[in-house]
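1. okay, sequence plus prediction incoming.
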Amino acid sequence: MSGPSTEQAKGGPAEPLGLYVHVPFCASTCDFCAFYQTQPTADLVRRFLQGIEDEAKLVSWPRPVTTVFWGGGTPGLLAPRDLARLAEVVHARAHGAPAEWTVELAPASVTAERLAALREAGVTRVSLGAQSFQPELLDALGRSHTREQVLRAYERIRAANFPSVNLDLMFALPGQSAEEWAEDVRTAVALAPDHLSTYCLTFEEDTKLWLKLSQGRVKLDPEREADLYEATWTQLAAAGYAQYEVSNFARPGHACRHNLNTWRMHEWIGLGPSAASQHAGLRGANVSDLEVWLTDIAAGRRVTTDAVPVTPALLAEDALIFGLRMNDGVDLSRWRSRAPGAPWTAIEETLAALVDSELLERTGEVVRLTRRGRLLADSVGAEIMEAFTPLAATP
């Protein structure tokens, strides 16, 4: 990033620093998943953990870590002792308890022993990948868990007394009816999680679902997706869950701070194969290959893929694209002062056109998506990217 914030310069609170650890192990690959993963062996796990420790030593840590997120893959495939070892890396960099520490878990991997290890480590938030409670839909996604495993895993997580619990659900699944989706939401609400993430199924290249789409075995239906989005927002609002981002809902005090800091363009450090970083003036990722990543780390190399300088204009662009997905919207005045070299004339023209199209609303310097705009958030983001294109083309 581009130096300390004004608050820091005046002796105010330090800017948040996130730590993301990608645990690349999965027992099997879901039909929709495009994240890098590999099947674990005892030797691979041992070498991965050593690689994480070694990579952490290559990083220039500017300040204590404030939020942590372990994703994958399936972090819960690690044995309790391995989870504890991975946690030692966090403790060495956080200099105290992180404000928030999230771990993603798959239902089939949730055991009392793993949960105890995570609680002992200081994890504050668990995100359980349920996706659906209906066997036929889980089969359509290639998920290996059952409804019963989801419910049992959730019960165990609650019994372990984590301060915050999230459930991940997916909609617009092949063959899913509106009523089936509403029933999944009702089932989730009845469990009373602190947070719900509801993702529209996307078809990523090099996945089994992408192949089915290309073969015409499944079809896209944007109108149906929009109907399901709106029904979800209505249903969760009635249940007391406030929407704070297009796909995320929380009870008061339970929004995911790590994700909020990322969407607001604060710094984060990624460890592990395929993990992305935005730190020390660069944005990029580690290679999506465990063996190559280990070789890179042994040679003192990290963030070797798509590394680009993090300029103020780049941060402003992404702050608009990702920030508009949040219900709070974006304060333009902050980014106008931070990135005076951004093409603000073109940006203002684009924002005005989006307001005229009723995709955005504006109050002073704050812009937000309208309800219709939230349905078309990706299209809005593409329009904003276009406004920044002349700057990107400048040598």
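-> Right, received. Where do you want to start? Numbers count the residues shown, from 1 in each chain.
2. gap between the closest residue to residue 136 other than its chain neighbours and residue 111?
-> The shortest distance from residue 136 to any residue other than its chain neighbours is 7.1 Å, reached at residue 175 (CB to CB, 6 or more residues apart in numbering). C-beta here means a position set from N, CA and C on the backbone, and glycine is covered the same way. Between residue 175 and residue 111 the distance, using CB to CB, to the nearest Å, works out to 32 Å.
3. between these two, which is the more surrounded one?
-> Neighbour comparison, residue 175 and residue 111: the larger count goes to residue 111, with 15 against 10 (by other CB atoms under 10 Å).
4. which residues does the spatially closest residue to that one that is not a sequence neighbour contact?
-> If you skip the residues right next to it in sequence, residue 111 has residue 156 as its closest partner in space, 7.5 Å away by CB to CB, 6+ apart. Residue 156 makes contact with 110, 111, 112, 115 under the criterion CB atoms under 8 Å, 6 or more residues apart in numbering.
5. now do the same for residue 40: its pLDDT.
-> Model confidence at residue 40, given as pLDDT, is 78.
6. now it. Nearest residue, chain neighbours left out?
-> Distances taken as CB to CB, 6+ apart put residue 25 closest to residue 40, at 3.9 Å, once the chain neighbours are dropped.
7. the one you found pairs with what?
-> Listed beta-bridge partners, residue 25: residue 38 (assigned using DSSP bridges).
8. okay, it and residue 197: tell me how far apart.
-> Separation of residue 25 from residue 197 (CB to CB): 22 Å.
9. out of the contacts of residue 156, the closest to residue 375 would be?
-> Checking these against residue 375 by CB to CB gives residue 110 as the nearest, at 34.0 Å.
10. so how many other residues sit close to the closest one?
-> As a measure of burial, residue 110 has 22 neighbours, counting by other CB under 10 Å.
11. next, the closest residue to it other than its chain neighbours: secondary structure please.
-> For residue 110, ignoring the flanking residues on the chain, the nearest one in space by CB to CB, 6+ apart is residue 153 at 3.7 Å. Under the three-state scheme (DSSP: H, G, I helix; E, B strand; the rest coil), residue 153 adopts helix.
12. picking up where we left off before, show me which of the contacts of residue 156 is closest to residue 349.
-> When those are compared for distance to residue 349 (CB to CB), residue 110 comes out closest, at 50.6 Å.
13. point out where the stretch 251-395 of the chain drops to low pLDDT.
-> Along the stretch 251-395 of the chain, segments meeting pLDDT under 70 span 390-395.
14. which stretches of it form strands?
-> Along the stretch 251-395 of the chain, the segments classed as strands by DSSP state E, counting those that start in this stretch run 267-271, 276-279, 282-285, 305-309, 330-331, 360-363, 366-369.
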